[in-house]
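Q: got a sequence here, can you build the structure:
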Amino acid sequence: MSERCTWCGSDPLYVNYHDTEWGVPETDPRALWEKLILDGFQAGLSWITILRKREGFRAAFEGFDPEVIARWGEPEVMRLLADAGIVRHRGKIEATIGNARAWLAIEEKGGFTPFLWQFVDGRPVQNRFATMREVPAETPVAQAMSKALKKAGFRFCGPTITYAFMQATGMVNDHMVSCPCHDHVAGLARQVAIR
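A: Residues are numbered from 1 along each chain as shown. Got it, this is the predicted structure:
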């Protein structure tokens with residue numbers, strides 16, 4: 001019997017996110033950067049909180065354009081700290097500006113997409129979990145990604161954050177095997193090979 005992953009509950013916004021986005025392989029470098037930034041903002045909060053504010057974040061951060069954000073300074077930090085449409089946390093806002101600069105450097109060297117996808121050898125990992133208890137909070141691969149991102153200048157990217165990011169962007173398929181999305185995402189994964 002098909003049964004959706006239980007973590008999304010019954011909130012329509014969360015269910016739609018689960019059904020249409022979570023676990024779908026993402027290869028666009030700017031979309032990957034946006035998701036990593038939002039996962040960093042989630043630290044200490046629930047994902048639904050970030051999801052409800054996502055459009056506010058997109059407006060406040062000018063569409064998550066790293067080239068724009070990399071030029072920001074204290075005036076933009078102060079503007080964002082006054083914006084109720086986002087999570088107002090100075091450390092996370094300042095980290096986002098620094099992370100934009102780090103993204104630009106990685107993108108210039110060889111691309112943010114291959115930099116991230118190298119940790120799964122360019123192909124989505126297909127897990128086959130039957131219960132939520134089996135799903136790890138982090139893995140050695142997520143730890144390696146976190147370490148590499150920090151070395152490149154990223155902040156708010158610990159291994160729990162990077163594993164959640166890997167799940168969300170389809171680097172790993174952590175839909176329960178009983179979830180209809182598991183096989184759908186597995187089919188999409190067959191089309192992905194990043195080098």
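Q: in the chain, which spans are strands?
A: For the chain, the strands defined by DSSP state E cover 125-126, 172-173.
Q: what's the mean pLDDT across the first one?
A: Along strand 125-126, the predicted confidence averages to a pLDDT of 96.
Q: what residues does it touch?
A: Val141, Met171, Val172, Asn173, Ala186, Ala189 (Cβ atoms under 8 Å, 6 or more residues apart in numbering). All C-beta spots, glycine's among them, are computed from the backbone N, C-alpha and C.
Q: give me the low-pLDDT residue ranges for the chain?
A: The model of the chain has pLDDT under 70 over residues 1.
Q: so which bits of the longest helix along the chain are buried?
A: As assigned by DSSP state H, the longest helix anywhere in the chain is helix 90-109. With burial defined by 16 or more other Cβ atoms under 10 Å, the residues of helix 90-109 counted as buried are 92-97, 99-104, 106-107.
Q: show me what it is in contact with.
A: So helix 90-109 is contacted by 29, 33, 36-37, 40-41, 43, 61, 66-70, 72-73, 76-77, 80-81, 112, 115, 149, 152-157 (Cβ under 8 Å, 6+ apart).
Q: not counting sequence-adjacent ones, nearest residue to Gln42?
A: Sequence neighbours aside, Ile50 is the residue nearest to Gln42 in space, at 4.8 Å (criterion: Cβ to Cβ, 6 or more residues apart in numbering).
Q: can you check Val87 too?
A: Distance criterion Cβ to Cβ, 6+ apart; nearest residue to Val87, sequence neighbours excluded, is Phe41 at 5.0 Å.
Q: any idea how far Phe61 is from the one you found?
A: According to Cβ to Cβ, to the nearest Å, Phe41 and Phe61 sit 10 Å apart.
Q: intersection of neighbour lists for the two?
A: Ile86.
Q: quick one: the helices in the chain, in order.
A: Using DSSP H, helices in the chain cover 12-20, 29-42, 47-60, 66-69, 74-81, 90-109, 112-117, 140-151, 159-168, 180-189.
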